[in-house]
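Asks: take this sequence and fold it.
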Amino acid sequence: GSSLDKHTGLYTNPAIQQVVNEVLFKNKSDDAIKQGKYYNPFPQVAFALMLTVIECAIDEWASGSCEMITFREDDYSSIFGSHLASLNEFNQAAGKLDLLKKLLKQVYSNG
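Replies: Residues are numbered from 1 along each chain as shown. Got it, this is the predicted structure:
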């Protein structure tokens, strides 16, 4: 499906929201709560970073068992850039539907 209301489709896997909530909305002292005006809608660049973090977590299981990987700029900057470019392409393809902006507002609202 592709409905944002049903939380299904491109960029709406529940794991993404779970990572966002764990990193930025877990405690009252977390940045997204204290600095809400900067996170509503959720920043596109921060969303790309969350996708990159998830990719790192998946990489930790590439061998079939968990092997800790250090999340380093040298290793993940190109992946981050790819996610950011994909988000830009998605935004352009959606055109006037403004799906990315709606998605990022929903990410903040669910945080």
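Asks: remind me which residues of the chain are low pLDDT?
Replies: Within the chain, the stretches with pLDDT under 70 are 1-8.
Asks: list the contacts of T52.
Replies: Y76, I79, F80, H83 (C-beta atoms under 8 Å, 6 or more residues apart in numbering). Just so you know, the C-beta spots here come from the backbone N, C-alpha and C atoms, and that holds for glycine as well.
Asks: out of these, grab the one that's most surrounded.
Replies: H83 (22 neighbours; other C-beta atoms under 10 Å).
Asks: would you format the contacts of T52 as JSON lines with distance to N21 included?
Replies: JSON lines is the format used below for these (distance: C-beta to C-beta, whole Å):
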{"residue": "Y76", "distance to N21": "21"}
{"residue": "I79", "distance to N21": "22"}
{"residue": "F80", "distance to N21": "20"}
{"residue": "H83", "distance to N21": "19"}
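Asks: so for the top helix by length along the chain, what gets flagged as buried?
Replies: Ordering each helix of the chain by length in residues (DSSP state H) puts helix 73-94 first. Residues of helix 73-94 classed as buried: Y76, F80, H83, L84, L87, N91 (neighbour count, 16 or more other C-beta atoms under 10 Å).
Asks: and the contacts of stretch 102-111?
Replies: Contacts of stretch 102-111 (C-beta under 8 Å, 6+ apart): 4, 11-12, 16-17, 20-21, 24-25, 32-33, 36, 39-44, 47.
Asks: what's the longest helix of the chain packed up against?
Replies: helix 44-59, helix 99-109 (3 or more C-beta pairs under 8 Å, 6 or more residues apart in numbering; DSSP states H and E).
Asks: nearest to S65, of those?
Replies: helix 44-59 (12.7 Å; C-beta to C-beta).
Asks: of all the helices and strands packed on helix 73-94, which lies closest to T70?
Replies: Nearest to T70, of the helices and strands packed on helix 73-94 and by C-beta to C-beta, is helix 44-59 at 8.9 Å.
Asks: alright, I will stop here.
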